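Student: Need a 3D model of the following:
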Amino acid sequence: MYIGASYGKGEHDLTFDNPAATKPYFDGDVTTMSAFVGMDLNETFALEGFYTNLGESQIFVDAANNAKIKVTTMGIAIKAGANLTNDIRGYVKAGYHSWKSKVNDLDTGVATTEKDDGTDVLYGIGVEYKLSDSTAIIAAYDRYTVDDSNGTDMSIGIKYRF
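Tutor: All right, here's what the predicted structure looks like:
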């Protein structure tokens, strides 16, 4: 078994259904944080559960329509990996996640004007650098599908095996 945490930079790539929002100024660069727990099934495959805060981005449509969007998700993924050297391991992963989003109106100060949730797929790629038999540094890129939109997470973190 192993546990870990990561910190990174992400991006919300949103599709807008509202015609008024077709050309907003969109600040989609976000800070992300993730915690995960996993279990090696064999030398190649692992099963991993996770919770990820995909951050908060802002939309500026016009003087009367400005909002913040926050997205969180949790899910499960299967990882397939291989040792590239004695200390470096590469992996790919695919899974299923349950996401939640909150939209806060910046102009009216209303706490939450809209909530949404759903389930979608995710996929990613990463590398691990082994510091010791129990500890590794990880670097990863993950892409989360959120309805017609996407969220990405490019992160660095630590993994502890026990």
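
Student: contacts, neighbours, all on C-alpha from now
Tutor: Noted.

Student: Bridged to residue 75, which residues?
Tutor: Counting by DSSP bridges, residue 75 is bridged to residue 50, residue 97.

Student: I'd say it and residue 100 touch.
Tutor: No - using Cα atoms under 8 Å, residue 75 is not in contact with residue 100, being 11.8 Å away.

Student: so where does residue 30 fall, helix or strand?
Tutor: For residue 30, the element it lies in under DSSP states H and E is strand 29-40.

Student: Now do that strand: distance to the chain's middle.
Tutor: Averaged C-alpha coordinates place strand 29-40 at 7 Å from its chain's average position (Cα atoms, centre = their mean, to the nearest Å).

Student: rewinding a little: which one's more surrounded, residue 75 and residue 100?
Tutor: Set residue 75 next to residue 100 and count neighbours by other Cα atoms under 10 Å: residue 75 wins out with 19 against 16.

Student: Please name the residues that touch the more buried one.
Tutor: Going by Cα atoms under 8 Å, 6 or more residues apart in numbering, residue 75 touches 49-51, 95-98.
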